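**Student:** build me a structure from this.
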Amino acid sequence: RSAFIAPRRRKFDDLSPGPFPVERGDYVWVPGGATRKVTMATVTFFEKTGCAGNARQKALLVASGHEVVARDLRDTAWTNTALLDFLAGLPVARWFNRTAPAIKSGGIVPEELDEPTALALLRENPLLIRRPLLQVGCERMVGFDADTINAWIGLRDAPAGDLEACRSVTA
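**Tutor:** Sure, this is the predicted structure:
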């Protein structure tokens with residue numbers, strides 16, 4: 001798949017021969033005659049559609065130059081393997097969305113669950129999964145820790161505070 005790089009203005013002291021390198025923010029020609037902006041990363045973002053916290057997180061990624069492909073957690077047929085691709089390496093208790101009603105009420109206590117039981121609960125009720133689930137290429141992670149995401153793919157001007165916190169939209 002080839003792409004024509006639209007030439008940028010060159011400095012007079014830049015005597016290097018073309019072709020021009022592609023940089024983030026450049027516009028490139030793609031087959032079919034369209035142009036598109038080169039983004040930093042394409043992030044598959046598994047969310048609860050309508051969640052104000054996820055909306056803020058996606059806006060921050062887009063403002064940082066990333067392309068976001070949003071998918072609803074509830075529309076995915078989760079398997080143990082697919083979940084573990086995101087969750088492996090974390091303690092079971094950190095797999096869960098702490099604001100889910102079943103957890104807030106004490107009906108489910110993540111610290112008391114073993115891995116097979118936790119995976120079964122997450123498959124049955126995807127809203128128990130800690131959000132968002134993020135994927136860039138073959139790399140995956142769970143949650144929205146600004147420092148971790150900045151080190152991973154870059155994040156500009158992240159506000160202070162807990163970016164995973166679920167906040168309702170006020171009128």
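**Student:** would you map the helices across the chain?
**Tutor:** Taking DSSP state H as the test, the helices found in the chain are 52-63, 80-87, 101-104, 115-124, 146-152.
**Student:** go through stretch 113-128 and flag the buried ones.
**Tutor:** Within stretch 113-128, the residues that count as buried by 16 or more other Cβ atoms under 10 Å are Leu113, Ala118, Leu119, Leu121, Leu122, Arg123, Pro126, Leu128. Using the backbone N, CA and C atoms, a C-beta is placed for each residue, glycine as well.
**Student:** any idea of the mean pLDDT in that stretch?
**Tutor:** Mean pLDDT, stretch 113-128: 97.
**Student:** next up, the contacts around the most centrally placed residue in the chain.
**Tutor:** In the chain, the C-alpha nearest the mean C-alpha coordinate belongs to Leu134, at 3.4 Å (Cα atoms, centre = their mean). By Cβ atoms under 8 Å, 6 or more residues apart in numbering, Leu134 lies in contact with Val43, Thr44, Phe45, Phe46, Arg140, Met141, Val142, Phe144, Ile149.
**Student:** nearest to Ala160 among those?
**Tutor:** Each of the contacts of Leu134 was scored against Ala160 by Cβ to Cβ, and Phe144 proved nearest at 13.7 Å.
**Student:** does that closest one touch Leu163 like I think?
**Tutor:** Yes. Between Phe144 and Leu163 there is a contact at 4.8 Å, judged by Cβ atoms under 8 Å.
**Student:** want to throw the helices of the chain into CSV with distance to Ala93?
**Tutor:** Formatted as CSV, the helices of the chain follow (distance: least, Cβ to Cβ, whole Å):
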stretch, distance to Ala93
helix 52-63, 20
helix 80-87, 11
helix 101-104, 10
helix 115-124, 9
helix 146-152, 18
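**Student:** and the ones you listed: which comes nearest Asp72?
**Tutor:** Taking Cβ to Cβ, helix 52-63 is the member of the helices of the chain nearest to Asp72, at 9.9 Å.
**Student:** for that closest one, buried residues please.
**Tutor:** For helix 52-63, by 16+ other Cβ under 10 Å, it's Gly53, Asn54, Gln57, Lys58, Leu60, Leu61.
**Student:** again with stretch 148-156
**Tutor:** Across stretch 148-156, burial judged by 16+ other Cβ under 10 Å covers Ile149, Ile153, Leu155.
**Student:** before I go, just wanted to say thanks for your time.
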